[in-house]
Every structure is written in C-alpha cells, then in structure tokens.
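**Q** Just a sequence and a predicted model for now, questions to come.
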Amino acid sequence: MLRWLRTKEYPAELLPEGPDRAFVQDLVYTVIRRLRTLRRLLGVLVRQWPKGELEALLYVGAAQILYMDEVPDYAAVNETVSAAKACPNPSVARVVNGVLHNLIRRRAELEGALASAPLEERESFPTELVRRWEARFGAADAERLCRWHNQPAETFLARRDGTFVALERGRRVAEFPGYAEGEFIVQDPGTALAVSFVDAQPGERILDACAAPGGKAIQLAWRGAAVTACEVNPRRRRRLEANLARVGLADKVAVVTSLDGDPGQSTAFEKVLVDAPCSNTGVLRRRPDARWNWSAERLATLVKLQAEILDRAVACLAPGGRLVYSTCSNEPEENLGQVEAFLERRPDFSLVRSEESIPFETGHDGAFAALLAKR
C-alpha cells in the first residue's frame, strides 16, 4: 500500500503472489477506491496528518473496519497493529492501535456526519468528475454510477463459444477448469460490444490496432479471422504475447509493433479495430486507481491521442472496409464526440451505428463502440 501511495503505479502489478493474493487485492483496491473518504474520516481522528508507513497502515486498518464486513473489527485492529510493530519507529504501533480503536468507538458519529457530505466525499471521487456525471446523468444517476464503481468487480471468463461465465469470488482464475488448455480469457461482458461490432468472419484479415492485453484479438481469432495485433508498448506487448501463447494462438495471431507495417507486408485490412487508450471511466471498479489519475487536462491529451491513432489506423483499411472504434470510457469527448470529429476530417467514412454501455443501466462495465464504413 505504501508503494502505491508513493508511486501511483498500476496496483495489480504491485501485489504479491501467494495464497492470500485475493484478500490482499481486495484490501488494496478498497483503500484506493475509498481513499478520499478515508482521508476525511481519519482526519478527524489525528492531530497531524501522518506520512509514510503510518499513513498506509491507518488506511489499511480503517478500510477493513468501515468497508470490509467479512473482517471482524478486532481482527482488523490486531493484524494492522501487528504489521505496525515491524516499523522501525515503535510509536507507530501505538498510534495505529489508538486511532483504530477510536474509529470503532466513534464510527456511528463519523458515518452520520459523512451522510450529509457532498457526493464526491461520501463515495470518494474527484470533484470535477462527479460534476461531469451530474451534468450528464442527473444527481440520482450520478450517485448510482459512483456506487457501482465502488463495488468490488466480478471476474468474468469469456469462453471460446462466445459465452461469459462469472468466477466465484475469491477463486483463482488458474484453478478454473480449462485454464491450462486456453479455453477462456478474463473479460467483462462489456467487451462484447466492440467484438460484436467487428463481426469477425472466418478468413477475414482484421487489424487490432491497440491490442494489449489481447482479449479482443483472441476473441476475433476464435471466430476464425486472420488477426494482426499491434502493440507499441514493449511491456504491454509481452503481456499480449503471453496471453496469446496461453490460449494457443501464438502462431496464428501476428504481433506487430507499428501500424506502418513491415516491409513487403500488405497493410490493407478488411476490418480494423481501434480499442483506444482512454480515461477508463467505464471500468473504475476494476481500475480504482484511474479515478485519481483523471483530470480535464489528461482527458484532452487522451482525446488528441485517440484522434492520432484513428488517423493512422484508417490508412491500414482496404476500400469498402469497416472500422470499429471503441473505448472503456463513458466520457462523451472520447466516444461519440471523437467519432463526430473523425467524420468531419474523413467525409469518405460514414457512421453505421454506435452504442454505449452505461454500468447502472447494463449491469456491466462502461464501454462505447462505433461502426464506421469506408466508402
């Protein structure tokens, strides 16, 4: 937890392997989701805001007490104090013990005060993001959206036959029958939107222009398409290649590092999927850290990047081909706004259809997809 507070690295990559990984991930993600609320409540209980190990330990203990009902209060205190005793400063354990016991005693009072706080403090989101959602969806639905993203995410497995199955909470993916045989990948049903818009047919040459970690490329290949997967980021490309290998597609999906193609290789694809880098506001329950990376400035940067990727990707499309643009965002600038701007630049394309998944309506991750046809 301390490392994430200091570096803001992708939390899933900081988690240790081992039998307790599921619980540790749940705890870390709960702290990250509820960070703003935890700061508000703990701020009432400490004279001076703590730093370093003490700050991380207080978050960990308070998150278990307030948001993880399966952990008894005494266990949350005892385990956190035990961890604090490993700190070089012996006073850390005493402070943790005192603050957490005080939190338990004053819980009803603190939660009562929190109930009248603004939505962004109650549900722990950046103020600017909440205001955007209130303007778009209204106050009641903005609150529904915040609450949705504060739920621990289910894990869904996408199978070769196109169906999805929910994994039992706490069960390791590798323990599910068919893992070693590559019979499924981890994907939310929200991803089916983009895949269905591509409508891959056997033998079709399809480019997945932003392919890592590979879930959509794999689903397209399972449908018999000849898929080329592009990923420019070396670390993400390694993950893409590992996923392709696990499902037995390493020699069937071509992995490239640039949309410019290799010398002598045809770059005219019948279909191109641009699953663009985005703000991730449709998947904040899976990426709780993404809410703290959100800003209007970063959104503008992403919109510019998405436009650049689209403009490069369409050069790979054959005449009469189809382009699918998708995101896991619910921000209009990244979705229909991006498509409309593209159509202004490229009058040789037309919009066939578009669809958006709003989590509190669909019960799945937020997502957007648009099907564009090249004349």
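**A** On my side now, so go ahead.
**Q** Which residues belonging to stretch 153-170 are considered buried?
**A** 153, 154, 155, 156, 157, 158, 160, 164, 167 (16 or more other Cβ atoms under 10 Å). For glycine as for every other residue, the C-beta is placed from the backbone atoms N, C-alpha and C.
**Q** Let me have the residues you listed in TSV, extended by secondary structure.
**A** Listed next are those as TSV, based on DSSP: H, G, I helix; E, B strand; the rest coil:
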residue	secondary structure
153	coil
154	coil
155	strand
156	strand
157	strand
158	strand
160	coil
164	strand
167	strand
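**Q** can those residues go into JSON lines with extra columns for distance to residue 342?
**A** Output for those, formatted as JSON lines (distance: Cβ to Cβ, whole Å):
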{"residue": "153", "distance to residue 342": "31"}
{"residue": "154", "distance to residue 342": "33"}
{"residue": "155", "distance to residue 342": "34"}
{"residue": "156", "distance to residue 342": "30"}
{"residue": "157", "distance to residue 342": "33"}
{"residue": "158", "distance to residue 342": "28"}
{"residue": "160", "distance to residue 342": "33"}
{"residue": "164", "distance to residue 342": "30"}
{"residue": "167", "distance to residue 342": "37"}
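**Q** Looking at those, which one is closest to residue 219?
**A** residue 158 (6.3 Å; Cβ to Cβ).
**Q** for the buried residues of stretch 153-170, which one is nearest residue 313?
**A** residue 158 (23.7 Å).
**Q** ok, back up a step: for the buried residues of stretch 153-170, which two are the farthest from each other?
**A** For the buried residues of stretch 153-170, the farthest-apart pair by Cβ to Cβ is 153 and 160; their separation is 22.8 Å.
**Q** Where does pLDDT dip in the stretch 201-350 of the chain?
**A** Scanning the stretch 201-350 of the chain for pLDDT under 70 picks out 261-267.
**Q** now with 50?
**A** Where the stretch 201-350 of the chain drops to pLDDT under 50, the residues are 262-265.
**Q** Helices along that one, start to end?
**A** Using DSSP state H, counting those that start in this stretch, the helices of the stretch 201-350 of the chain run over 215-222, 234-246, 290-293, 296-313, 336-345.
**Q** relative orientation of the last one and helix 296-313 in degrees?
**A** Looking back up the chat, that one is helix 336-345. Orientation check (axes from the mean of the first three to the mean of the last three Cα atoms, to 10 degrees): helix 336-345 against helix 296-313 gives 40 degrees.
**Q** If you count neighbours, what's buried in helix 336-345?
**A** Buried-residue list, helix 336-345, by 16+ other Cβ under 10 Å: 338, 339, 342.
**Q** Kindly report the same for the fourth one.
**A** Across helix 296-313, burial judged by 16+ other Cβ under 10 Å covers 299, 302, 303, 306, 309, 310, 313.
**Q** Then the shortest one?
**A** Neighbour counts using 16+ other Cβ under 10 Å place 290, 291 of helix 290-293 among the buried residues.
**Q** of the helices of the stretch 201-350 of the chain, which approaches residue 60 most closely?
**A** Residue 60 sits nearest to helix 290-293 of all those, at 17.2 Å, using Cβ to Cβ.
**Q** Just the residues contacting the closest one, thanks.
**A** Residues outside helix 290-293 that contact it (Cβ atoms under 8 Å, 6 or more residues apart in numbering) are 8, 32-33, 35, 124-126, 129, 149, 279-281, 283-284.
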